[in-house]
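Chemist: This is a predicted model, with the sequence first.
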Protein chains: 2
Amino acid sequence: GLARVIRILDEVRLKAGVDLFAEVVSKNNFPTGAGIASSAAAFSALALSASQAVRLELDEKALSILARHGSGSACRSIPSGFVEWTSGETDESSYSFSLAPPEHWDLADCIAVVSSGHKKIGSTQGHRIAETSPLQAARVADAPRRIKICREAILNKDFEKLASIVEKDSDLMHAVMMTSNPALFYWQPGTLQVMQSVRDWRAKGIPVFYTIDAGPNVHVITLKEKMDEVKEKLDALEGVQKTLTATVGGAAHLI
Amino acid sequence: GLARVIRILDEVRLKAGVDLFAEVVSKNNFPTGAGIASSAAAFSALALSASQAVRLELDEKALSILARHGSGSACRSIPSGFVEWTSGETDESSYSFSLAPPEHWDLADCIAVVSSGHKKIGSTQGHRIAETSPLQAARVADAPRRIKICREAILNKDFEKLASIVEKDSDLMHAVMMTSNPALFYWQPGTLQVMQSVRDWRAKGIPVFYTIDAGPNVHVITLKEKMDEVKEKLDALEGVQKTLTATVGGAAHLI
């Protein structure tokens, strides 16, 4: 992580033409290194705060690219609301932009924490290993189709469509990780328990779906009006330690 | 299942030129429809017994093909010991033959029964659905490579090599099933618990690996001399109801 912090600071120093030292303090209000996007949070915060500290005026795209240099997914935490990350081929064309503002759709994320331990293999290394799975090329080839469905589902607020494509995307990523060399198994017994429960609840008419990052914890997406109910149901599952909740966020900003 | 029983009987009647009725009674000494190859056992037994009942002399290859008409994997239960199923393109070229006799290698199978309930979607339907996964073509394309490694590992009694290719093959199949439409999730929390334990035990030097059929139960392969120890360890896991054991079998035969 430290090398990537230095990279961001060096880039800001170079762009701003300054040669200052910085004290970087990073804190999360959720478990770190557990597949809940702690590095995305940290590096988008660093990109924004470091550039603003030296009065470097970066537009949203440039800020998104800068954040990505710290952690790929950090580029998504810069714009507001529902965000798409372009599948750019070059450094300049890989960034995130807002598809819709937070108020477009009242979704909520109930994060079922199954294990708060720090994962053994970080996301960056995980991405590298993905190429060793015989399934990765097929997953990547099918990605534009999934992105399109996902984008349409968000724009049309089609919960069922979003549910099925997001779960599929999550399952595909884990399928690739589990079949890599070395195999990366992030799912714990409790993870499967939550996945099964979410599918059962949806079959019973509750608007929920899951998505799982590179970690054992499960993001259970629902409508904001159902958030408390879903959190309660998740908390009641044996394998769930606690459930964090979040609603759709705005753009990265200084506090 | 009944239509496939009739198919085998009709085929035997036709081949033998007889027009007899038969009473078919089938019993397993292990859970049925739970991913422990109950249909393979049933249809290899039916192919053998029906053809012998009418004095139809079929060689091993013909018997393997006949059994396959009941259930694909049943063709593997006809020959003795370590068996390969040819990837034949036609009905006549898809059958099983013995790679090595049972005494070639003292392996044992400890079947950790996590759930003995009958699965909702049978293997035959599962095979059909596989084509809807964006990953299936890649899995199939990579199959000859895996078969070759598996065959060599068996012939050379290379346990480590067999362990890694068999686990990979199992994980690939489940990756495809989980990403099909509809998605087929056979793993239960207890399944994952056994998988994790098996990997841990192997890392500690115990010769074990897992393979999972279309069901939640886990086949844990080990050396015969370690079978009792492994069964005991499996029985001690919270999610395991009981553990069945088997050693390498001979050819299908009348009792």
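Modeler: Received it, and whenever you're ready, just let me know what you need.
Chemist: Point out the residues in the stretch 101-250 of chain A that sit beside chain B.
Modeler: Residues of the stretch 101-250 of chain A lying near chain B by Cβ under 8 Å from any Cβ of the partner chain: A:134-135, A:137-139, A:141-142, A:167-168, A:171-172, A:174-176, A:178-179, A:183, A:185, A:187-193, A:195-196, A:199, A:239. Where you see a C-beta, it was placed from the backbone N, CA and C, and this is true even at glycine.
Chemist: Let's see that with 6 Å instead.
Modeler: Residues of the stretch 101-250 of chain A lying near chain B by Cβ under 6 Å from any Cβ of the partner chain: A:134-135, A:138, A:142, A:171-172, A:175, A:178-179, A:189, A:192-193.
Chemist: Do you have the helices of chain A handy? List them.
Modeler: Applying DSSP state H to chain A gives helices spanning A:2-16, A:38-53, A:60-68, A:123-130, A:136-141, A:143-155, A:159-178, A:189-203, A:227-235.
Chemist: how about a markdown table for the residues of the stretch 101-250 of chain A next to chain B, with pLDDT added?
Modeler: Shown next, in a markdown table, are those (pLDDT from 0 to 100):
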| residue | pLDDT |
| --- | --- |
| A:Pro134 | 95 |
| A:Leu135 | 97 |
| A:Ala138 | 97 |
| A:Asp142 | 95 |
| A:Asp171 | 97 |
| A:Leu172 | 97 |
| A:Ala175 | 97 |
| A:Met178 | 96 |
| A:Thr179 | 96 |
| A:Pro189 | 95 |
| A:Leu192 | 96 |
| A:Gln193 | 96 |
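Chemist: what number of residues lie near A:Phe159?
Modeler: A total of 18 residues lie near A:Phe159 under the criterion other Cβ atoms under 10 Å in any protein chain shown.
Chemist: Local confidence estimate at it?
Modeler: Note for A:Phe159: predicted pLDDT of 98.
Chemist: Would you check how far apart the closest residue to it other than its chain neighbours and B:Val240 are?
Modeler: Closest residue in space to A:Phe159, ignoring its immediate chain neighbours: A:Pro207 at 5.2 Å, by Cβ to Cβ, 6 or more residues apart in numbering or on different chains. Look at A:Pro207 and B:Val240: by Cβ to Cβ, to the nearest Å, they are 35 Å apart.
Chemist: between these two, who's got more neighbours?
Modeler: The neighbour count for A:Pro207 versus B:Val240, taken as other Cβ under 10 Å, is higher for B:Val240 (22 against 17).
Chemist: Looks like that one contacts B:Lys231 (just checking).
Modeler: No: look at B:Val240 against B:Lys231 with Cβ atoms under 6 Å: they stay out of range, at 9.9 Å.
Chemist: what residues do those two have in common as contacts?
Modeler: Among the neighbours of B:Val240, none is also in contact with B:Lys231 (Cβ atoms under 6 Å, 6 or more residues apart in numbering or on different chains).
Chemist: Could you tell me the least trusted of the helices of chain A?
Modeler: Among the helices of chain A, helix A:123-130 carries the lowest mean pLDDT, a mean of 80.
Chemist: what's the angle from that one to helix A:2-16?
Modeler: 100 degrees (axes from the mean of the first three to the mean of the last three Cα atoms, to 10 degrees).
Chemist: How far does helix A:123-130 sit from its chain's centre?
Modeler: Remark: helix A:123-130 is offset 15 Å from the chain centroid, using Cα atoms, centre = their mean, to the nearest Å.
Chemist: now do stretch A:103-117
Modeler: 11 Å.
Chemist: buried set for that stretch?
Modeler: Neighbour counts over stretch A:103-117 (16 or more other Cβ atoms under 10 Å in any protein chain shown) mark A:105, A:107-116 as buried.
Chemist: Widest-spaced pair of these?
Modeler: Based on Cβ to Cβ, the longest span within the buried residues of stretch A:103-117 runs between A:Trp105 and A:Ser115 and measures 30.0 Å.
Chemist: Next one: the closest residue to A:Arg4 other than its chain neighbours from chain B, what distance?
Modeler: In space, and not counting its chain neighbours, A:Arg4 is closest to A:Gly70: 4.8 Å by Cβ to Cβ, 6+ apart. A:Gly70 is 31 Å from chain B, where distance means Cβ to the nearest Cβ, to the nearest Å.
Chemist: what's the burial count for A:Gly70?
Modeler: 27.
Chemist: can you check A:Thr247 too?
Modeler: 11.
Chemist: surely it meets A:Asp106?
Modeler: No: look at A:Thr247 against A:Asp106 with Cβ under 6 Å: they stay out of range, at 7.3 Å.
Chemist: Can you work out which residues contact both of the two?
Modeler: Common neighbours of A:Thr247 and A:Asp106, counting by Cβ under 6 Å, 6+ apart, are A:Lys224.
Chemist: Enumerate every residue touching the residue nearest the centre of chain A.
Modeler: By Cα atoms, centre = their mean, chain A has its centre lying nearest to A:Ala37, at 5.1 Å. By Cβ under 6 Å, 6+ apart, the contact set of A:Ala37 is empty.
Chemist: Check it and give its pLDDT.
Modeler: 81.
Chemist: What are the phi and psi values at it?
Modeler: Per-residue torsions, A:Ala37: phi 60, psi 40 (degrees, to the nearest 10).
Chemist: Pull up the gap between it and A:Ala45, please.
Modeler: Distance from A:Ala37 to A:Ala45, by Cβ to Cβ: 12 Å.
Chemist: got it, and A:Val113?
Modeler: Separation of A:Val113 from A:Ala45 (Cβ to Cβ) stands at 21 Å.
Chemist: repeat for A:Arg146
Modeler: Distance of A:Arg146 to A:Ala45, computed by Cβ to Cβ: 29 Å.
Chemist: swap in A:Ala112?
Modeler: From A:Ala112 across to A:Ala45, the span is 25 Å (Cβ to Cβ).
Chemist: try A:Arg128
Modeler: A:Arg128 is 25 Å from A:Ala45, by Cβ to Cβ.
Chemist: Counting neighbours, go ahead and name the busier of these two.
Modeler: Taking neighbours as other Cβ under 10 Å, A:Arg128 and A:Ala45 compare with A:Ala45 leading, 23 against 11.
Chemist: per the record, what domains does chain A have?
Modeler: Chain A resolves into domains spanning A:2-99, A:105-247 when parsed by automatic domain parsing.
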